[in-house]
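>>> Provided below are the primary sequence and the corresponding predicted coordinates.
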Amino acid sequence: MPDVHPTAHVEDGAVLAADVVVGAFSFVGREVELGQGVKVAEHVTLIGRTRIGADCRIFPHACLGGEPQDRSFDGASTSLEVGARGQIREHVTIHVGTTRGGGCTRIGEDAFLMNSAHIGHDCQIGNNVIVASFCGLGGHSKVEDFAVLGAYTGLHQYARVGESVMVASGSKLTLDAPSFAMVAGDRARLVGLNSVGLRRRGFSAKTRGQIKHAFHLIFQSKLRLEEALARVDAEIGAVPEVERLVSFLRKTERGFCR
């Protein structure tokens, strides 16, 4: 049976796994689902169609599942999904999606969202992502697996951050941040390859060298983009990580940091 503090309020209809813990003065709305091992601290607010994956920890004063900060929102039944083992620290806010944006805001597994971060409506966050303190992610933005957003980073609506990107503290991204890159500044520019992040992910020296060569061709050769990508295909071949980088760049709609 869930361990719910006497001062907490869990509305009828909420679904709580048997080993969930809900701390003092927290509120759990009627459409909320909490998976196995979820621990909700004191003074947490969980509302809307919000589903929290197994073994997540939610810290005091976090507010999840609120309505989008979007003037066109019409009260439609949209949702928020958080994957397993996430850590959502103090004062984090995450809103449900909108029908225009697909209807669901998603946070992947093993997320680490530090205090006072804000995740806007319809954001799509991958696995093993770190969002540091006081970051603000505009609606519809996307952050891929293993990316790290330094403190006070701001993402423009619809901006994308590729996998294993390191965003320096205080950066403002209006363009996409290419996979495996380090970016910094207001407005953010490409700094180089995130070599430390690639080593930490366990990429082999060979793979890291292939990604580095691709970076040289794309960002340093002064070739036009399609010419550079053709050279990447010809000189590196079918390397999954490089193919993901190329695919990310080809899908850009806003342009990307250089």
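Sure thing, it's come through.

>>> List the contacts of the helix or strand encompassing Asp233.
In the assignment (DSSP states H and E), Asp233 maps to helix 225-236. Here helix 225-236 makes contact (C-beta atoms under 8 Å, 6 or more residues apart in numbering) with Gln210, His213, Ala214, Leu217, Ile218, Ser221, Leu223, Val242, Val246, Leu249, Arg250. Quick note: C-beta positions are derived from backbone N, CA and C, even for glycine.

>>> Drop anything exposed from those.
If you count burial by 16 or more other C-beta atoms under 10 Å, the buried members of the contacts of helix 225-236 come out as Gln210, His213, Ala214, Leu217, Ile218, Val242, Val246, Leu249.

>>> could you check the angle helix 225-236 makes with the one helix or strand the last one maps to?
Read that as Leu249. Under the criterion of DSSP H and E, Leu249 resides in helix 240-250. Going by axes from the mean of the first three to the mean of the last three C-alpha atoms, to 10 degrees, helix 240-250 is angled at 170 degrees with respect to helix 225-236.

>>> then helix 240-250 to PDB, C-alphas only?
The C-alpha atoms that make up helix 240-250 are tabulated as PDB, following Å, rounded to 0.1, in the frame of the first residue of the first chain:
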ATOM      1  CA  PRO A 240      26.300   4.800 -37.100                       C
ATOM      2  CA  GLU A 241      27.300   7.700 -35.000                       C
ATOM      3  CA  VAL A 242      28.400   9.800 -38.000                       C
ATOM      4  CA  GLU A 243      25.200   8.800 -39.900                       C
ATOM      5  CA  ARG A 244      23.200  10.200 -36.900                       C
ATOM      6  CA  LEU A 245      25.200  13.400 -37.100                       C
ATOM      7  CA  VAL A 246      24.500  13.800 -40.800                       C
ATOM      8  CA  SER A 247      20.800  13.000 -40.300                       C
ATOM      9  CA  PHE A 248      20.500  15.600 -37.600                       C
ATOM     10  CA  LEU A 249      22.000  18.300 -39.800                       C
ATOM     11  CA  ARG A 250      19.900  17.400 -42.800                       C
END
